[in-house]
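> Here is my input; please provide its structure:
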Amino acid sequence: MKIALGSDHAGFRYKTAIRAVLEAAGHEVRDFGTNSEEACDYPVYIRPAAEAVARGECERGIVLGGSGNGEAMVANRIRGIRCALCWDETSARFARLHNDANVLSLGQRMVSLDTALAVVRLFLEVPFEGGRHVKRIHLIDQREP
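Residues are numbered from 1 along each chain as shown. You can find the predicted model right below:
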């Protein structure tokens with residue numbers, strides 16, 4: 001799977017660890033930055049990652065920051081993106097099953113690295129359930145069901 005990554009300085013450490021795990025699992029990773037823990041403005045890195053998913057250049061995206069809130073807000077401003085801020089395996093499972101989330105947002109200051117990696121694994125493995133949820137996805141994307 002081709003995956004877009006983006007983070008600010010507060011998510012950089014987890015982004016680096018997640019990238020290594022993704023590449024070791026055979027995924028193709030496009031890293032949109034940042035490239036250090038030096039303070040930066042997260043929209044500069046999150047927007048291009050989300051846009052790559054929206055254009056179909058990447059199948060999924062993972063964005064990270066301190067809380068993950070701002071990153072999710074930026075990603076969700078891009079048409080066609082359904083970014084879920086997840087904090088545990090249950091939230092990740094439902095983000096995929098019911099919401100067909102195509103971007104995951106994580107907060108490095110909010111969850112342990114082990115939890116973040118478990119969330120990433122579920123985000124990539126769990127399929128969209130379809131069925132009654134399809135109409136809602138069309139409504140989110142403002143398309144006809």
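> If you tally nearby residues, what's the number for S112?
Other residues near S112 number 10, with proximity taken as other C-beta atoms under 10 Å. Where you see a C-beta, it was placed from the backbone N, CA and C, and this is true even at glycine.
> oh, I was asking about A52
If we define neighbours as other C-beta under 10 Å, then A52 has 21 of them.
> One more: A39?
9.
> Just the helices from the protein, written as ranges.
In order along the chain, the chain carries the following helices (DSSP state H): 12-24, 43-54, 69-76, 89-97, 113-125, 133-140.
> what sits up against the second one?
The reference is to helix 43-54. If you take C-beta atoms under 8 Å, 6 or more residues apart in numbering as the criterion, helix 43-54 is touched by 4-8, 30, 32-34, 58-63, 65, 70-71, 74-75, 77-81, 83, 102-103.
> re the thing from before, closest to G107 out of the helices of the chain?
Closest of the helices of the chain to G107 is helix 69-76, at 7.2 Å (criterion: C-beta to C-beta).
> Neighbours of Q108, how many?
Summarising burial for Q108: neighbours were counted as other C-beta under 10 Å, giving 23.
> picking that back up, I'd like the helices of the chain as TSV, with mean pLDDT and distance to G107 appended.
As requested, the helices of the chain are exported to TSV (pLDDT from 0 to 100; distance: least, C-beta to C-beta, whole Å):
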stretch	mean pLDDT	distance to G107
helix 12-24	98	9
helix 43-54	98	13
helix 69-76	98	7
helix 89-97	98	12
helix 113-125	98	9
helix 133-140	89	23
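> who's the residue nearest to the spatial centre of the chain bridged to?
Nearest to the mean C-alpha position of the chain, by C-alpha atoms, centre = their mean, lies L104 at 2.2 Å. For L104, the beta-bridge partners are I62, A84 (DSSP bridges).
> That one and F123, how far apart?
Between L104 and F123 the computed distance is 5 Å (C-beta to C-beta, to the nearest Å).
> between these two, what contacts are shared?
Listed as contacting both L104 and F123 by C-beta under 8 Å, 6+ apart are R60, I62, C86, A92, A95.
> Counting neighbours, what do you get for the closest residue to D141 other than its chain neighbours?
When the adjacent residues along the chain are set aside, D141 lies closest to G80, with 6.3 Å between them (C-beta to C-beta, 6 or more residues apart in numbering). Each residue near G80 was counted by other C-beta under 10 Å, and the total is 15.
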